[in-house]
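Chemist: Coordinates for the following, if possible.
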Amino acid sequence: MKIHSKFRTLYLIRINILFFIFDFFCLSNFFNSFRTENYKVILGSILFLALSIFFHILKLRTVNEIIVLEDGLQKTTLVSGKVEFITFSSIVNIQTERVQGSYSDGGQITTGYFESTILLENGKELFINPDYDNHLEIVVAVRNKI
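Modeler: Okay, the predicted model is just below:
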């Protein structure tokens, strides 16, 4: 039995859209500043673009693909492709918490969702992202194996 994590369609777009908008704004200011020869704007645009790219890479490093195998979990980092294998015997516990929904003056906006965290023997935690389409299927499969 192999269960692959499946990202929701808009998950990667949601992560990337703000970075792309900010990067476009920085590049626009960068190229417009050559007309006025304002070097402070040029340096500021380069600095903010570099910071944006840095934080974008940090954010993308947290995106993982999880595969439930017969003898453990295989975690693959999406950006670097680094593969880490976690045996079921090294899993101490699975914590599932309910995140309350959002409310406004008009009433409840969302009903909330569940977040699951796998606690490992070495003190590390593996966060099962609720943005996977099959989030609950992965948690149930891991619980059945430990």
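Chemist: Validate this expectation: residue 92 resides in a strand.
Modeler: Yes - secondary structure of residue 92 (DSSP: H, G, I helix; E, B strand; the rest coil): part of a strand.
Chemist: Can you get me a residue count around it?
Modeler: Using other C-beta atoms under 10 Å, residue 92 has 12 neighbouring residues. In short, each C-beta sits where N, CA and C put it, glycine included.
Chemist: ok, now which ones touch it?
Modeler: 119-121 (C-beta atoms under 8 Å, 6 or more residues apart in numbering).
Chemist: Let me see the confidence value for it.
Modeler: Note for residue 92: predicted pLDDT of 85.
Chemist: so what's the backbone phi/psi at residue 51?
Modeler: phi -60, psi -40 (degrees, to the nearest 10).
Chemist: quick check, nearest of the contacts of residue 92 to residue 47?
Modeler: Residue 47 lies nearest to residue 120 out of these, by C-beta to C-beta, at 38.5 Å.
Chemist: Among the contacts of residue 92, name the ones in strands.
Modeler: 119-120 (DSSP state E).
Chemist: Need the three-state assignment for residue 114.
Modeler: strand.
Chemist: Just the helices from this protein, written as ranges.
Modeler: Taking DSSP state H as the criterion, the chain carries its helices at 11-36, 39-60, 135-145.
Chemist: how far out from the middle of the chain is stretch 48-64?
Modeler: 11 Å (C-alpha atoms, centre = their mean, to the nearest Å).
Chemist: Average pLDDT for it, rounded please.
Modeler: If you average the pLDDT values across stretch 48-64, you get 82.
Chemist: Can I get that stretch in PDB? Just the C-alpha atoms.
Modeler: Presented in PDB, the C-alpha positions along stretch 48-64 are these (Å, rounded to 0.1, in the frame of the first residue of the first chain):
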ATOM      1  CA  PHE A  48      13.600  44.200  -1.300                       C
ATOM      2  CA  LEU A  49      13.800  41.900  -4.300                       C
ATOM      3  CA  ALA A  50      16.600  39.900  -2.700                       C
ATOM      4  CA  LEU A  51      14.800  39.700   0.600                       C
ATOM      5  CA  SER A  52      11.600  38.600  -1.200                       C
ATOM      6  CA  ILE A  53      13.500  35.800  -3.000                       C
ATOM      7  CA  PHE A  54      15.100  34.700   0.200                       C
ATOM      8  CA  PHE A  55      11.800  34.500   2.100                       C
ATOM      9  CA  HIS A  56      10.200  32.800  -0.800                       C
ATOM     10  CA  ILE A  57      12.900  30.100  -0.800                       C
ATOM     11  CA  LEU A  58      12.500  29.700   3.000                       C
ATOM     12  CA  LYS A  59       8.700  29.200   2.600                       C
ATOM     13  CA  LEU A  60       9.100  26.700  -0.300                       C
ATOM     14  CA  ARG A  61      11.600  24.700   1.800                       C
ATOM     15  CA  THR A  62       8.700  23.800   4.200                       C
ATOM     16  CA  VAL A  63       6.600  22.200   1.400                       C
ATOM     17  CA  ASN A  64       6.900  18.500   1.600                       C
END
